[in-house]
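Asker: fold the following.
(one chain, ligands or ions: 1)
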Amino acid sequence: MERIALYRKYRPHNFVNLVGQDYIKTTLVNAIKSHHISHAYLFSGPRGTGKTSTARLMAKALNCQNLIDDHDPCNECEFCVDINEGRLIDMIEIDAASNRGIDEVRDLKEKINFAPTRAKYKVYVIDEVHMMTREAFNALLKTLEEPPPHVYFILATTEIHKIPDTIISRCQRFDFKRISRKALMTRLSYIAQAEKIEAEDKTFEAISKYADGGLRDAIGLFEQLTVDGKLEFEKVKDVLGVSDLSLLDSLYEALMTKDTKNALKIIHELHDQGSDLKKFIHEFVDNLRNKMIESVFESDSARTANLMNIIEIFQDAQSKLQLVSIPQLPLEIAVIKLAGPVEAGTEIADGAKKKVEKIAEKVEKKVDKKVEKTTEERVHKAIEDTGAITFELPSLKENWPRITERIKAPSLRLSLKNAVPVELGESDLTIQFETRFHRDKVMEHDHRIELEAVIKDVTGKPVKILSIVKELEIKSVVDEALNIFGGEVVD
Ligand SMILES: [Zn+2]
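Answerer: Modelled structure (predicted):
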């Protein structure tokens, strides 16, 4: 399938299908209806926002023989058809950025006075007009001062600041906006349906986000990522490097309901998915920012303050991300700061909350200090520690930290630090976890295999890992916090 095919096919052929530029659409439609079309328009705005498509619509509206509702091109008469196929001699499209474009602008002045060959009007569309030379601008300016009645100009640019004021002042100017995410998603979903492409809604969301307001980019990506009539989120995620967007909302929910465990789970899920945590925080903060602005307009000051607080803490986490050897740690700290280290639905006493904040602060300082110690160094050090580890419970207990240091995945290491060996059989070792969360993490198939391999490596004996979770005791929030951070806080 040719990459550009879908964009061509779904570029708007009439005003009804023009996506996202409602104000411009209304103004131009009214101009057509009332026969007050300006002889020179200047369309500025980011790429892929519909400037050239709108220019073509205007060219068709000027020349169409059977306008629908007095404004929309019929797409059936000879002029509409020829413009759609790019072969109407009276519609002159010039790319000012190309070499040929420079010559065409030079010729423009002498050719402009000739009457149209076939159509009623000649329409010049000059794309990337900011690329024109000063001489070309001067020539154009003369023409714009007194355009012949049979000529219309549509200038398009992505860089309005490079257009001389003298040109701008002679045109009716429209600033094309980035197309809203929602409008892009609606369009992609429409195309998927029309093309019978199987796709989940979250793929549209991810692509629309990435396309950043450009319909051409959105459709291009959509086409590029569709394989055998299917658009799979896994593929979109891999290529665009986006995180699962539903996790953004889930994390927000978890923070708002103070569901710390779920929030931590989401972060571990992100990490396991191999998501770019930096990007995730960026997206998360971007999301919160929209909510914050919304809350200001709704005069919900409590919500605004709450959102500001979350944004600040997550921005702080973002700045620490590069500095730590366990990439998800700053996020974990942010979550615990915000949601508190307690079960969902449990009230936190003020005093306890302050204590927790203090702990979080200390832990952060500790993290900062430890920055330079990379994972490799720590593993190396663990291996260097002398003393054989024997296949006996006391030895395994005593050397547990050395064993866990050999685990590669940081999140798995963290979970193992919350565990102790409690029973050793002929060839199975039972470890006890503080929480179900850490247990589940370690007992995931690949993780368990890795741990078993490490133990076999250090003791020389094959082992099967069994697990139990410690009966939940009522603990102070401080203990819980220590537990999450691996049980050691330094002053
Ligand atoms: Zn027509």
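
Asker: where does the residue in the stretch 251-400 of the chain positioned nearest to the ion fall, secondary structure wise?
Answerer: Residue nearest to the ion within the stretch 251-400 of the chain (Cβ to the ion): residue 290, separated by 41.4 Å. Where C-beta positions appear, they are placed from N, C-alpha and C, glycine not excepted. Assigned by DSSP states H and E, residue 290 belongs to helix 277-297.

Asker: quick one: average pLDDT of that helix?
Answerer: On average, the pLDDT along helix 277-297 is 85.

Asker: against which helices or strands is it packed?
Answerer: With contacts defined as 3 or more Cβ pairs under 8 Å, 6 or more residues apart in numbering; DSSP states H and E, the packing partners of helix 277-297 are helix 245-256, helix 260-272, helix 301-320.

Asker: quick one, it and helix 301-320 angle?
Answerer: 160 degrees (axes from the mean of the first three to the mean of the last three Cα atoms, to 10 degrees).

Asker: make sure residue 92 is indeed in a strand.
Answerer: Yes. Under DSSP: H, G, I helix; E, B strand; the rest coil, residue 92 sits within a strand.

Asker: count of residues packed around the residue lying closest to residue 73 once chain neighbours are set aside?
Answerer: Nearest residue to residue 73, sequence neighbours excluded (Cβ to Cβ, 6 or more residues apart in numbering): residue 60, at 3.6 Å. Residue 60: 28 surrounding residues under other Cβ atoms under 10 Å.

Asker: read off the pLDDT value for residue 60.
Answerer: For residue 60, the model assigns a pLDDT of 96.

Asker: what comes into contact with stretch 161-176?
Answerer: Stretch 161-176 is touched from outside by 21, 24, 27-28, 38, 40-46, 49-51, 54, 129-130, 137, 140-141, 144-145, 153, 155, 157, 160, with contacts defined as Cβ atoms under 8 Å, 6 or more residues apart in numbering.

Asker: make it 7 Å
Answerer: By Cβ atoms under 7 Å, 6 or more residues apart in numbering, the residues outside stretch 161-176 that reach it are 21, 24, 38, 40-45, 49-51, 129-130, 137, 140-141, 144-145, 155, 157.

Asker: check stretch 423-436 too.
Answerer: So stretch 423-436 is contacted by 392-393, 396, 418-422, 439, 455, 462-470, 483 (Cβ under 7 Å, 6+ apart).

Asker: which of the helices and strands packed on helix 277-297 is buried the deepest?
Answerer: helix 260-272 (a mean of 20; mean count of other Cβ atoms under 10 Å).

Asker: show me how far that helix is from its chain's centre.
Answerer: Put simply, helix 260-272 sits 19 Å off its chain's centre (Cα atoms, centre = their mean, to the nearest Å).

Asker: which strands and helices sit next to it?
Answerer: Packed against helix 260-272, as judged by 3 or more Cβ pairs under 7 Å, 6 or more residues apart in numbering; DSSP states H and E, are the following elements: helix 245-256, helix 329-339, helix 436-443.

Asker: could you dump the ones you listed into a markdown table and include mean pLDDT and distance to residue 323?
Answerer: Below are the helices and strands packed on helix 260-272 laid out as a markdown table (pLDDT from 0 to 100; distance: least, Cβ to Cβ, whole Å):
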| stretch | mean pLDDT | distance to residue 323 |
| --- | --- | --- |
| helix 245-256 | 82 | 22 |
| helix 329-339 | 89 | 8 |
| helix 436-443 | 80 | 24 |
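
Asker: got CSV for the ones you listed, with distance to residue 285 too?
Answerer: Converted to CSV, these look like this (distance: least, Cβ to Cβ, whole Å):
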stretch, distance to residue 285
helix 245-256, 10
helix 329-339, 11
helix 436-443, 26
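
Asker: distance check, residue 440 against the ion.
Answerer: Distance of residue 440 to the ion, given as Cβ to the ion, to the nearest Å: 64 Å.

Asker: what sits against that residue?
Answerer: Residue 440 sits next to no residue when contact means Cβ under 7 Å, 6+ apart.

Asker: for PyMOL, what selects the buried ones among the contacts of stretch 423-436?
Answerer: Restricted to buried positions by 16 or more other Cβ atoms under 10 Å, the PyMOL selection for those reads:
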select buried, resi 396+418+419+421+422+439+455+463+465+467+483
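
Asker: which of the contacts of stretch 423-436 fall within helices?
Answerer: Among the contacts of stretch 423-436, DSSP state H puts 393, 396, 439, 455, 483 in helices.

Asker: so which of these is the closest to residue 90?
Answerer: The closest of these to residue 90 turns out to be residue 439 (Cβ to Cβ; 74.8 Å).

Asker: so the closest one sits against residue 469, correct?
Answerer: Yes. Using Cβ atoms under 7 Å, residue 439 is in contact with residue 469, at 5.1 Å.
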